[in-house]
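Q: here's my sequence, what's the structure:
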Amino acid sequence: MLSKELIKHLENLLSEKIISTKPLSGGDINEVFILTTNNRETVVKINSASNFPRMFKAETRGLQELIDANIFKIPEVLLFGKVADVSFLLLEYIESGNKAQDFWSIFGEQLANLHQQSNPYFGFESDNYIGSLPQYNSKYSSASEFYITQRLQPQFEMAIKRGFSFSGLDSFYVAIENEIPDEASSLIHGDLWSGNFLIDINGSPCLIDPAVAYAPREMDISMMHLFGGFEYELFEVYNDIFPLVDGWKTRMEIWQLYYLLVHLNLFGISYYNGVKSIVGRYS
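A: The predicted structure follows:
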């Protein structure tokens, strides 16, 4: 819930009286509310400052990177801060609409354009989060080295500490190193499932809740296939504009492994067999 102290603090920052608050679905970590004043609506996300230090600072940095790319509609960050042990992130409210007739084509074109934004390295300027878990972004020149050391190894280490066991990880890492294509890095959303895009008033896609990095672009593509919710037309248009390297469908499970590990560490044993089966196929 929004405390009176936080509401007063937000009113002071906005220089406006908040006349109503309405809860939105916010997932497992954050509570999310629409704030209404006489002049506008905004969205505020809140969570525990002690449990998730610097989460909203990291999210702000990722959103700004996507805004600077000037491709997708991205909610503007208005401000972030802390009141007592409550962190908050105040965002532009995106009014929702219905999908335009060419929504999936637009989405595919914009995603291809986003993925063509590159850097000489894999990584990011700072670490961030995926869900409630830390995500590491030290810079590497190699896609495979980045993926193994910054994505897979931290998640496997976390899972092992939580009582899960795995065999053949060393040989697994060697095997997938040879499978990962030698492509330049791409600016990726990093957590692109169907719950992390909105449809704006113009019927176009809007991306939210990123876990941004300059990383292998097949990570986004594979996450989108993992839980579904994206039409085939999107991938067809994407591949026309920025063709994926041959064998990408076969490689999807290598990238999906990261997201399955995240879910294993967040939600437990139901994801364990899926993780083990992928490791077993390559080790």
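
Q: just the helices from this structure, written as ranges.
A: 4-14, 55-69, 103-115, 143-146, 153-161, 169-177, 218-227, 232-241, 248-267, 272-282 (DSSP state H).

Q: mind putting those helices in a markdown table, mean pLDDT, mean neighbour count and distance to V86 included?
A: Backbone N, C-alpha and C define where each C-beta goes, glycine included. Below are the helices of the chain laid out as a markdown table (pLDDT from 0 to 100; neighbours: other C-beta atoms under 10 Å; distance: least, C-beta to C-beta, whole Å):
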| stretch | mean pLDDT | mean neighbour count | distance to V86 |
| --- | --- | --- | --- |
| helix 4-14 | 94 | 14 | 6 |
| helix 55-69 | 97 | 19 | 11 |
| helix 103-115 | 98 | 21 | 32 |
| helix 143-146 | 98 | 20 | 34 |
| helix 153-161 | 98 | 16 | 26 |
| helix 169-177 | 97 | 16 | 39 |
| helix 218-227 | 98 | 21 | 30 |
| helix 232-241 | 98 | 16 | 37 |
| helix 248-267 | 98 | 19 | 22 |
| helix 272-282 | 97 | 16 | 34 |
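
Q: which one, of these, ends up nearest to N38?
A: In terms of C-beta to C-beta, the element of the helices of the chain nearest to N38 is helix 4-14, at 10.8 Å.

Q: would you mind pulling up the elements that that closest one packs against?
A: strand 41-48, strand 77-83, strand 86-92 (3 or more C-beta pairs under 8 Å, 6 or more residues apart in numbering; DSSP states H and E).

Q: can the ones you listed go into a markdown table with extra columns for mean pLDDT, distance to A69 and mean neighbour count?
A: Below are the helices and strands packed on helix 4-14 laid out as a markdown table (pLDDT from 0 to 100; distance: least, C-beta to C-beta, whole Å; neighbours: other C-beta atoms under 10 Å):
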| stretch | mean pLDDT | distance to A69 | mean neighbour count |
| --- | --- | --- | --- |
| strand 41-48 | 96 | 21 | 20 |
| strand 77-83 | 95 | 15 | 16 |
| strand 86-92 | 96 | 17 | 21 |
